[in-house]
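Engineer: sequence isn't available, so here's the structure alone:
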Ligand code: EPZ
């Protein structure tokens, strides 16, 4: 099994370019089948999740071809097939095929094992939305048959502003009869990106990016070409790294407004950021002060950057406090961070107190999940000595060429088998 080996303490200079957003691309790809035509998606990250989705498309008879950072999808000859556990269990976002196939065929039969290491991650709100549109749902041991004679628009209130439920309901509603209103909708930039793509295919969606989204059903959609928005979580991960080790390090190809909750927190700690039109440049300063962070839905501080921020907080003078309000088990990277020398107390798997400034020492550690793995890479970059990270598949799922990008700016990092 491959591992990442990193020797810490090196200043990083130059430029890191951000890819397209994983959490948008994994929704755009299932959405593309709604038009039964040719679609070209550009600025698609070259990560394993995209490969897993391509396999599902192929099993549905969709003609797929991938470029380095693009994917062309022709669903004109596709057919509705059962999506097996073997295919759907490779990534959680396979559940977007529920909304897409229900919206297109009014019938979907797919396995969705659900669950995830960072939390129970139910899909009750997705299913509530489908039922409000007129679908019936049979679930047997993780296999879902969702069907409707016809889909009729309705008003749907989301108990929590779920990203996945908001997107999945949009996918099911675009070809329904009449108007659907999603209240308490998620407002993440990825929602706006998916709504923009659907409208480029001929859908009629208003209000994406606000708590109230209106979808007026249309009879059919047509092909389109769409460029995926930049990945704000990848961008934020590299801005955190730049804050720790950057010497004139520029993170480019990002949307500064999408990571304002992070940059404002870093500035509160004393980081000096130059924020341009589509980049952030950092020249690290000697010392930072402790800050408090609470993860909330967009535009607040994103849960996906909570784990990558922990190593930064170990280098801040004082006690920083982190409250994780979105997931019930998103501190799995902390034991290995403590193994490297950090002083962190966790209460109720919800509150973490990080005592800094604490030197970290290179160790053998494990990537417990995607963002936890990114957090361990950051620990390795600042630690004294060599850190070896196993289970790197988690990391490579969400960060295209993270080793190459860091090596290009001066990190002593490599993948070893
Ligand atoms: C998306 O997951 C992202 N994944 C996650 O990123 C991200 O952490 C999350 O949004 C929050 O921003 C993708 O986009 C592929 P949610 P999603 O539905 O849609 C509860 C990463 O690291 N909930 O907004 O699954 C749920 O339990 C990943 O890239 C219900 O109760 O997130 C959680 O507590 C990790 N019922 C909260 O809502 C539901 O039906 C947020 O979940 C759905 C969700």
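Structural biologist: Here it is on my side, so go on. For clarity, every value in this text was computed on a predicted model and none was experimentally measured. Numbering: from 1, shown residues only.
Engineer: contacts and neighbour counts: CA atoms only from here.
Structural biologist: OK.
Engineer: residues in the stretch 201-350 of the chain within reach of the ligand, list them.
Structural biologist: Residues of the stretch 201-350 of the chain found near the ligand (C-alpha under 6 Å from any ligand atom) are 303-304, 326-327.
Engineer: residue 330: which element?
Structural biologist: In this assignment (DSSP states H and E), residue 330 forms part of neither any helix nor any strand.
Engineer: for it, give its distance to residue 315.
Structural biologist: According to C-alpha to C-alpha, to the nearest Å, residue 330 stands 20 Å off from residue 315.
Engineer: swap in residue 260?
Structural biologist: Going from residue 260 to residue 315 by C-alpha to C-alpha gives 21 Å.
Engineer: so which of the residues of the stretch 201-350 of the chain next to the ligand is the most crowded?
Structural biologist: residue 303 (21 neighbours; other C-alpha atoms under 10 Å).
Engineer: returning to what we had before: who has more neighbours out of residue 260 and residue 315?
Structural biologist: Taking residue 260 and residue 315 together and counting by other C-alpha under 10 Å, residue 315 has the greater number of neighbours (22 against 16).
Engineer: contacts only, for the more buried one.
Structural biologist: 287-288, 356-359 (C-alpha atoms under 8 Å, 6 or more residues apart in numbering).
Engineer: redo that, cut-off 6 Å
Structural biologist: 356-358 (C-alpha atoms under 6 Å, 6 or more residues apart in numbering).
Engineer: for the closest residue to residue 243 other than its chain neighbours, report the pLDDT, please.
Structural biologist: Among residues not flanking residue 243 along the chain, residue 284 sits closest, at 5.3 Å (C-alpha to C-alpha, 6 or more residues apart in numbering). Per-residue pLDDT puts residue 284 at 80.
Engineer: count of residues packed around residue 284?
Structural biologist: Residues near residue 284, counting by other C-alpha under 10 Å: 22.
Engineer: I figured it hits residue 242, correct?
Structural biologist: No - checked against C-alpha atoms under 6 Å, the pair residue 284 and residue 242 is beyond contact range at 7.1 Å.
Engineer: need the mean per-residue confidence for the longest strand along the chain.
Structural biologist: Ranked by number of residues, the top strand in the chain under DSSP state E is strand 316-324. Taken as a whole, strand 316-324 has a mean pLDDT of 98.
Engineer: for stretch 204-216, measure first residue to last.
Structural biologist: Start-to-end, stretch 204-216 (C-alpha to C-alpha) is 5 Å.
Engineer: if we go by neighbour counts, what in it is buried?
Structural biologist: Buried residues in stretch 204-216, defined by neighbour count with 16 or more other C-alpha atoms under 10 Å: 204-209, 212-216.
Engineer: quick one: contacts of it?
Structural biologist: By C-alpha under 6 Å, 6+ apart, the residues outside stretch 204-216 that reach it are 178-185, 187, 192.
Engineer: mind doing that once more with 7 Å?
Structural biologist: 173-174, 178-189, 191-192, 195, 199, 217 (C-alpha atoms under 7 Å, 6 or more residues apart in numbering).
Engineer: hmm, back to that, from the buried residues of stretch 204-216, which two are the most distant?
Structural biologist: The span of these, defined through C-alpha to C-alpha, is set by 209 and 216 at 16.7 Å.
Engineer: which stretches of the stretch 1-150 of the chain have low pLDDT?
Structural biologist: 114-116 (pLDDT under 70).
Engineer: near the ligand, which residues of it show up?
Structural biologist: Residues of the stretch 1-150 of the chain lying near the ligand (C-alpha under 6 Å from any ligand atom): 23, 93, 121-126.
Engineer: picking that back up, helices - which of the buried residues of stretch 204-216 land there?
Structural biologist: Among the buried residues of stretch 204-216, none falls in helices (DSSP state H).
Engineer: which single one of those is nearest to the ligand?
Structural biologist: Distance to the ligand across those (C-alpha to the nearest ligand atom) is lowest for residue 209, with 13.5 Å.
Engineer: state the distance from that closest one to residue 273.
Structural biologist: 27 Å.
Engineer: ditto for residue 206
Structural biologist: From residue 206 across to residue 273, the span is 35 Å (C-alpha to C-alpha).
Engineer: and what of residue 380?
Structural biologist: On the measure of C-alpha to C-alpha, residue 380 and residue 273 end up 23 Å apart.
Engineer: more neighbours, those two?
Structural biologist: More crowded of residue 380 and residue 273, by other C-alpha under 10 Å: residue 380, with 32 against 19.
Engineer: give the contact list for the more buried one.
Structural biologist: Applying C-alpha under 7 Å, 6+ apart, we find residue 380 in contact with 6-8, 362, 387.
Engineer: between these, which sits nearest residue 404?
Structural biologist: Minimum distance to residue 404 across the contacts of residue 380 is 12.1 Å, recorded for residue 6 (C-alpha to C-alpha).
Engineer: count of neighbours near the residue lying closest to that closest one once chain neighbours are set aside?
Structural biologist: Distances taken as C-alpha to C-alpha, 6+ apart place residue 413 nearest to residue 6, at 4.2 Å, with adjacent residues excluded. For residue 413, the neighbour count with other C-alpha under 10 Å is 24.
Engineer: what helices or strands is the helix or strand that contains residue 413 leaning on?
Structural biologist: In this assignment (DSSP H and E), residue 413 forms part of strand 412-416. Helices and strands touching strand 412-416, by 3 or more C-alpha pairs under 7 Å, 6 or more residues apart in numbering; DSSP states H and E, are strand 3-7, helix 402-408.
Engineer: give me the buried positions along the last one.
Structural biologist: For helix 402-408, burial by neighbour count (16+ other C-alpha under 10 Å) applies to 402-403, 405-406, 408.
Engineer: checking residue 15 next. Helix, strand or coil?
Structural biologist: What DSSP: H, G, I helix; E, B strand; the rest coil gives for residue 15 is strand.
Engineer: need the contact partners of stretch 224-242.
Structural biologist: Against stretch 224-242 from outside (C-alpha under 7 Å, 6+ apart): 18-22, 24-25, 39-44, 193, 197, 200-201, 249, 251, 253-255, 258-259, 262, 282, 304-305, 308-309, 312, 378, 399.
Engineer: buried sites along that stretch?
Structural biologist: For stretch 224-242, burial by neighbour count (16+ other C-alpha under 10 Å) applies to 224, 226, 228-242.
Engineer: can you tell me which of those residues are in strands?
Structural biologist: Mapping the buried residues of stretch 224-242 onto strands (DSSP E) picks out 224, 226.
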